[in-house]
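Engineer: please work out how this folds:
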Amino acid sequence: MLTGGLWQLGAAIAVFLASHSLATVPAVRRPAESALGRVGFTLAYSVLSLLLLAWVVAAALAAPYVPLWPQAAWMRWLPVLLMPWACMLAAAGLAAPNPFSIGPGGHGFDPARPGILRLTRHPVLWALALWAGVHLVVNGNLAALLLFGPLLTLALAGPRLLDAKRRRRLGEGEWRRLAHATGRPGDGRALLREMGWRPLAAGMLLYGVLILLHPYVIGHNPLP
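Structural biologist: Numbers count the residues shown, from 1 in each chain. Purely as a prediction, here's the structure:
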């Protein structure tokens, strides 16, 4: 049975996920954008997301520790080895024009030079999946399962759901025109050439910042 602290964590996660789901509903988003403007809506939604994320983190830190599996020594290496890739995926995905998934939108997207989308149409979701997956494995307690389990499920299911949604909205012909060179990671040289070094550097900078802040925000050093 969940204690009060775990109920609070569950509520925080539910509200956080619901806010992200509602933001994609046209009946909710369009009136909000009409009232606030697109830039105002983005800023307001970003502030709300940060506040809700802070609530989730605070609830997770305050939740009682209920162990589910022991932490093996090799598990502590997973975040160190995989989080740099998650950070680079997130940085590249948030900076690249993307008509398919989470990101700054499709304005300026060139289907002949898709950049990080050549690897995957959903780099931010795969970054989320890596982050949630490694933290779930390394923590191994009930609060971590409540926190990272839904996020991992959302990140893994999201690409297929978003592809289907965008395909219906764009139509088959436009989808094929825009997506023909995406999700094809075989051409690594083209990927690096189109993406450039800046997203990779930004991702590694983000990783360094997370390592430095982790002891102060979360309470322990993430390095093995």
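
Engineer: contact partners of stretch 124-135?
Structural biologist: 78-79, 82-83, 85-87, 89-90, 93-94, 101-103, 120, 144, 148-149, 151-152, 154-156, 158-159, 162 (CB atoms under 8 Å, 6 or more residues apart in numbering). C-beta coordinates here come from the backbone N, C-alpha and C atoms, glycine included.

Engineer: buried sites along the biggest helix by length in the chain?
Structural biologist: Ranked by number of residues, the top helix in the chain under DSSP state H is helix 26-62. Across helix 26-62, burial judged by 16 or more other CB atoms under 10 Å covers 32, 33, 41, 45, 52, 55, 56, 59, 60.

Engineer: avg pLDDT for that helix?
Structural biologist: Mean pLDDT, helix 26-62: 81.

Engineer: over to stretch 180-194?
Structural biologist: 83.

Engineer: now it: how far from the chain's centre is it?
Structural biologist: Its chain's average C-alpha position is 21 Å from that of stretch 180-194, according to CA atoms, centre = their mean, to the nearest Å.

Engineer: got the end-to-end distance for it?
Structural biologist: One end of stretch 180-194 sits 16 Å from the other (CA to CA, to the nearest Å).

Engineer: go through that stretch and flag the buried ones.
Structural biologist: Neighbour-count burial for stretch 180-194 [16+ other CB under 10 Å]: 181, 182, 183, 191, 194.

Engineer: same check, this time on stretch 60-80
Structural biologist: 60, 63, 75, 78, 79.

Engineer: which residue comes closest to residue 95 once chain neighbours are left out?
Structural biologist: Setting aside the residues directly before and after it, residue 95 is nearest to residue 199 in space (CB to CB, 6 or more residues apart in numbering), at 5.5 Å.

Engineer: chain neighbours aside, what residue packs nearest to residue 68?
Structural biologist: Here the residue nearest residue 68, using CB to CB, 6+ apart, is residue 140, at 5.3 Å.

Engineer: swap in residue 78?
Structural biologist: Distances taken as CB to CB, 6+ apart put residue 134 closest to residue 78, at 4.4 Å, once the chain neighbours are dropped.

Engineer: so residue 121 touches residue 98, yeah?
Structural biologist: Yes - the criterion here is CB atoms under 8 Å, and residue 121 meets it with residue 98 at 7.3 Å.

Engineer: not counting sequence-adjacent ones, nearest residue to residue 56?
Structural biologist: residue 12 (4.5 Å).
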